[in-house]
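Participant: this one's sequence-less:
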C-alpha cells in the first residue's frame, strides 16, 4: 500500500501506463449476454419448460388411463386369466377403448421417452455417449408409437 | 453424505431415486408390452401363446412388481405435481411422501389376491 496520496494512480505500475484518460476514453464494452443487433432473435426456445409441463399434465391423465387399464386387465373379471385374442377383439370393437388405448400409448411413450432423455442427460457424461443413447431412444420410441398406432387402427378380429 | 454433493439423503432424495428407477422399469416394460400386443396382427394363436406366459406363476410375480412400480410412480408423481404447483407443497413434501407410501401399501395388499391369486392356486393346489 503506497503512502503517497498526492497523485492517486488509477492503474498501478504493475499494469503499466494507462492508455486512456478523459480525452481519450476506453472503448465501450457491451455487458455480457446483452441482446444486440447481432444476436439471433431467439438463442434458445422454451423446449425444456414445455417438456417439464408435459410430464405433469400427461402424468395426471396417465394415472387415470393406466390404473383403469390395470383394473381391467389384471383385477376385474378373472384377472390376467381371461386375456386372449378374443378379449382384445371384444374391447377394440368399441371406439371408446380404441381411443383409450391410443391415448395411453402416445402419452406413456412420450412421457417415458422424455423421462429416459432426462436420465441419459444426467448420467452419460461424454457427448458422444449421449448422442448415441438418445439416438437409440428416439428410434425405439418412434418405432413403438408407430407400431402400436398401426396395430390399433388396422386390427382385424377376423384375421382367421 | 459426503461434502460437495447435491444429494441430501432422506425422504426427498430417496423418493426421487425410486421415481427414476420405477420410471425406467415401466418404460422398458411398455416397450415389450407394445411388441407383444402387436402379435394380434400376426395371428390369434401367436398372441395367445405369448399371453399364456403372462399367466404363469413367475410372470405373475413380475406383474405384481410391475403393479408396485406403477402405483408408486403414479402416487409419487401426484406428490411431485403438488410440490411444484401447490404453494405449501414443498413444506409438506415429507408428510405427502409418507401418505403416498401408506396408500401404496394399502393398494398393494389389495392387489395381492387379484394379481397373485391364480398363481397361488396353481402352485399350492385348488
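Facilitator: That came through, no problem. What you see is a predicted model; the values in this text were computed from it and never measured. Numbering: from 1, shown residues only, chains lettered A, B, ... in the order given.
Participant: just how off-centre is the lowest-mean-pLDDT helix or strand in chain A within its chain?
Facilitator: Taking mean pLDDT, DSSP states H and E as the measure, chain A has helix A:85-92 as its least confident helix or strand, at a mean of 91. Taking C-alpha atoms, centre = their mean, to the nearest Å, one finds helix A:85-92 lying 35 Å from the centre of the chain it belongs to.
Participant: all helices for chain A, in order.
Facilitator: For chain A, the helices defined by DSSP state H occupy A:47-70, A:85-92, A:95-123, A:127-154.
Participant: from the contact counts, what lies against the last one?
Facilitator: Using 3 or more C-beta pairs under 8 Å, 6 or more residues apart in numbering or on different chains; DSSP states H and E as the contact criterion, the elements in contact with helix A:127-154 are helix A:95-123, helix B:10-37. The C-beta positions use only the backbone N, C-alpha and C, and glycine is treated the same way.
Participant: out of those helices, which is closest to residue B:117?
Facilitator: When the helices and strands packed on helix A:127-154 are compared by C-beta to C-beta, helix B:10-37 sits nearest residue B:117, at 21.4 Å.
Participant: I'd like the next helix or strand past the closest one.
Facilitator: Per DSSP states H and E, the first helix or strand lying C-terminal to helix B:10-37 is helix B:44-54.
Participant: residue A:71 and residue A:79, how far apart?
Facilitator: To residue A:79, residue A:71 is 10 Å away according to C-beta to C-beta, to the nearest Å.
Participant: quick one: which of the two has more around it?
Facilitator: Neighbour count, other C-beta atoms under 10 Å in any protein chain shown: between residue A:71 and residue A:79, residue A:79 has more, with 21 against 13.
Participant: my guess is the more buried one meets residue B:118, correct?
Facilitator: Yes. The pair residue A:79 / residue B:118 is scored as a contact, 6.2 Å apart, by C-beta atoms under 8 Å.
Participant: joint contacts of the two?
Facilitator: Common contact partners of residue A:79 and residue B:118 (C-beta atoms under 8 Å, 6 or more residues apart in numbering or on different chains): none.
Participant: which residue packs closest to residue A:141, ignoring adjacent ones?
Facilitator: residue A:113 (4.1 Å; C-beta to C-beta, 6 or more residues apart in numbering or on different chains).
Participant: show me what contacts the one you found?
Facilitator: When contacts are counted by C-beta under 8 Å, 6+ apart, residue A:113 is found next to A:137, A:138, A:141, B:27.
Participant: and residue A:149, by the same measure?
Facilitator: Applying C-beta under 8 Å, 6+ apart, we find residue A:149 in contact with A:102, A:105, A:106.
Participant: tell me the pLDDT of residue A:46.
Facilitator: The predicted local confidence for residue A:46 comes out at a pLDDT of 87.
Participant: can you check the one 3 residues further on too?
Facilitator: Here, the pLDDT recorded for residue A:49 equals 92.
Participant: go on, residue A:60?
Facilitator: Residue-level confidence at residue A:60 comes out at 97, pLDDT.
Participant: now name the helix or strand holding the residue nearest to it when sequence neighbours are not counted.
Facilitator: For residue A:60, the nearest residue in space outside its immediate sequence neighbours is residue B:81; the separation is 6.9 Å by C-beta to C-beta, 6+ apart. Assigned by DSSP H and E, residue B:81 falls within helix B:57-85.
Participant: tally of neighbours for residue B:75?
Facilitator: The local packing count at residue B:75 equals 19, with neighbours defined by other C-beta under 10 Å.
Participant: please consider this matter closed, and thank you.
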